[in-house]
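A.B. asks: Structure of the sequence below:
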Amino acid sequence: MQAWKDYQEKNKDRFLSELTELLRIPSISANSANKEDMRKCAEAVKQRLIEAGADKAEVMETAGHPVVYGEKLIDPSKPTVLVYGHYDVQPPDPLNLWHSGPFEPVVKEGKLYARGSADDKGQVYMHVKALETMVQTGTLTTNIKFLIEGEEEVGSPNLGKFVADHKDLLKCDVILISDSAMISLDTPSMDIGMRGLAYIQVEVTGPNRDLHSGVYGGAVANPITILTKMIASCHDENNHITIPGFYDDVLNVPDEERKMLAEAPYNEAEYKADLGITELWGEKGFSTNERTGIRPTLEVNGIWGGYTGEGAKTVLPSKAYAKISARLVPNQSSEKITEILLNYFRKIAPASVTVNAENHHGGEPYMTPINSKGFQAASKAYESTFGKKPVPVRGGGSIPICAILERELGVKIVFMGFGLDSDNLHSPNEKFDLANFYKGIETIPYFHKFFAE
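C.D. replies: Next comes the predicted model:
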């Protein structure tokens, strides 16, 4: 609608300025030192919702960081859309690899650089400004509710209880999430599913203290050496995961869906060039898009131990640690896979060390039907602003709360992500292309229009 475009064009600089202020708040949920920043950010999101036209917005407590709830209810007979997102962000480390401060937003070459720019403050803010656009132009056709949490980046440990306790408040006809990516502005796409997650930490202990590596080396097991051998045993020569039981519940994807995935544009040379690598790695027998969408994976997210400071220190360390995560596909259970991983590392440890393996967090895989009313409305919305239908794809990431939201509220989820896989999510120099940000604000009102119809 022209009224939407005119309003958005007139206010686009203000939209960006407001988002920039939100990105200055270091709302790092994983770091207890940022507890006050988390509350400050929640209050800021609440205020932005009110300014955008919400009838009500409030910061609501959980056992952890608070949830922001907002609503604009126009007519009980109209359908209700629940927008889910999160205001917390990943830790910015390593800081020395950022070309500008992670919480000092900078626009360069049409891209907004800051932690949380794409994941997920920028994408949440598209919905806030879409609400404002519809309110200010008198074109809102649905009731809208907002559920913006502060613990997505640590596995949403308290949101499930919040949702269960507030089913009436959150009652809706569809859940809309923009915490995912698209192929490009030239080739819009929509995720039809997300992988699940199982995340553990392994601690290997050898001697009761750090030892002189000359005096004791060769006679006492080095925990770092043992840990790396244990990790290396998790994949075979075909990069297939060797842990017993890991694949037991994995469903074979039908040839029709594999064919559909293969139709998504993919340039291997560009893919490698963007990552600065010369060769790809992965499970034999599957394409790159299949490896990141329809297959489960096991990755080491961090490993440390011994001396890592400047210069040299000849030490045989007492302990070594690793953080390990598995991405899961439909029919796999995060609880079951977590137990399989924990038991595997405990079982394969040699007698020369002891192992303490513990669960961090997890979440279930999620699939959304492409024949649902919500998906069709979203597809039509993309077609209205991009001039072409979006390609259905499977997302490689995880949104832990998805399965819980559907179970508790009894409605389907639609993913409308406008970020890019190259946005450096969880990495230094996270960015959000301004063209994508504005395209999201332009497209989202069409979803509400078509869903109401």
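
A.B. asks: C-alpha from now on. contacts and neighbour counts both.
C.D. replies: Fine.

A.B. asks: At which residues are the strands of the stretch 151-300 of the chain located?
C.D. replies: 174-177, 181-182, 189-194, 196-205, 211-212, 297-305 (DSSP state E, counting those that start in this stretch).

A.B. asks: Could you point out the helix or strand that follows the host helix or strand of residue 83?
C.D. replies: Using DSSP states H and E, residue 83 sits in strand 80-86. For strand 80-86, the following helix or strand on the C-terminal side (DSSP H and E) is strand 106-108.

A.B. asks: what's the closest of the strands of the stretch 151-300 of the chain to residue 375?
C.D. replies: Proximity to residue 375 (C-alpha to C-alpha) singles out strand 189-194 among the strands of the stretch 151-300 of the chain, at 8.7 Å.

A.B. asks: one step back: want to throw the strands of the stretch 151-300 of the chain into JSON lines with mean neighbour count?
C.D. replies: Shown next, in JSON lines, are the strands of the stretch 151-300 of the chain (neighbours: other C-alpha atoms under 10 Å):
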{"stretch": "strand 174-177", "mean neighbour count": "23"}
{"stretch": "strand 181-182", "mean neighbour count": "24"}
{"stretch": "strand 189-194", "mean neighbour count": "25"}
{"stretch": "strand 196-205", "mean neighbour count": "24"}
{"stretch": "strand 211-212", "mean neighbour count": "16"}
{"stretch": "strand 297-305", "mean neighbour count": "15"}
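
A.B. asks: can you tell which of those is closest to residue 338?
C.D. replies: Closest among the strands of the stretch 151-300 of the chain, using C-alpha to C-alpha: strand 196-205, at 5.5 Å.

A.B. asks: ok, and the helix or strand in this structure with the lowest average confidence?
C.D. replies: helix 255-262 (a mean of 85; mean pLDDT, DSSP states H and E).

A.B. asks: what comes up buried for that one?
C.D. replies: residue 261 (16 or more other C-alpha atoms under 10 Å).

A.B. asks: repeat for stretch 24-31
C.D. replies: Those would be 24-30, for stretch 24-31 by 16+ other C-alpha under 10 Å.

A.B. asks: remind me, longest helix of this protein?
C.D. replies: helix 2-23 (DSSP state H).

A.B. asks: neighbouring contacts of that one?
C.D. replies: 41, 44-45, 103-105, 114-117, 121-122, 125, 129, 133-134, 137, 438, 441-442 (C-alpha atoms under 8 Å, 6 or more residues apart in numbering).

A.B. asks: do stretch 151-164 as well
C.D. replies: 29-30, 62-65, 86, 88-90, 149-150, 170, 361-363, 399-401, 404-405, 408.

A.B. asks: show me where the stretch 201-350 of the chain has helices.
C.D. replies: For the stretch 201-350 of the chain, the helices defined by DSSP state H, counting those that start in this stretch cover 213-216, 223-232, 255-262, 268-275, 288-291, 334-347.

A.B. asks: averaging pLDDT over each of these, which comes out lowest?
C.D. replies: Within those, confidence is poorest for helix 255-262, with a mean of 85 (mean pLDDT).

A.B. asks: chain center to it, what's the gap?
C.D. replies: 24 Å (C-alpha atoms, centre = their mean, to the nearest Å).

A.B. asks: which helices and strands sit right next to that helix?
C.D. replies: helix 288-291 (3 or more C-alpha pairs under 8 Å, 6 or more residues apart in numbering; DSSP states H and E).

A.B. asks: and the contacts of stretch 151-164, which are buried?
C.D. replies: 29-30, 65, 86, 88-90, 149-150, 170, 361-363, 399-401, 404-405, 408.

A.B. asks: In helices, which of those residues appear?
C.D. replies: 170, 404-405, 408.

A.B. asks: and the two most separated of those residues?
C.D. replies: Farthest pair in these, by C-alpha to C-alpha: 170 and 404, 13.0 Å.
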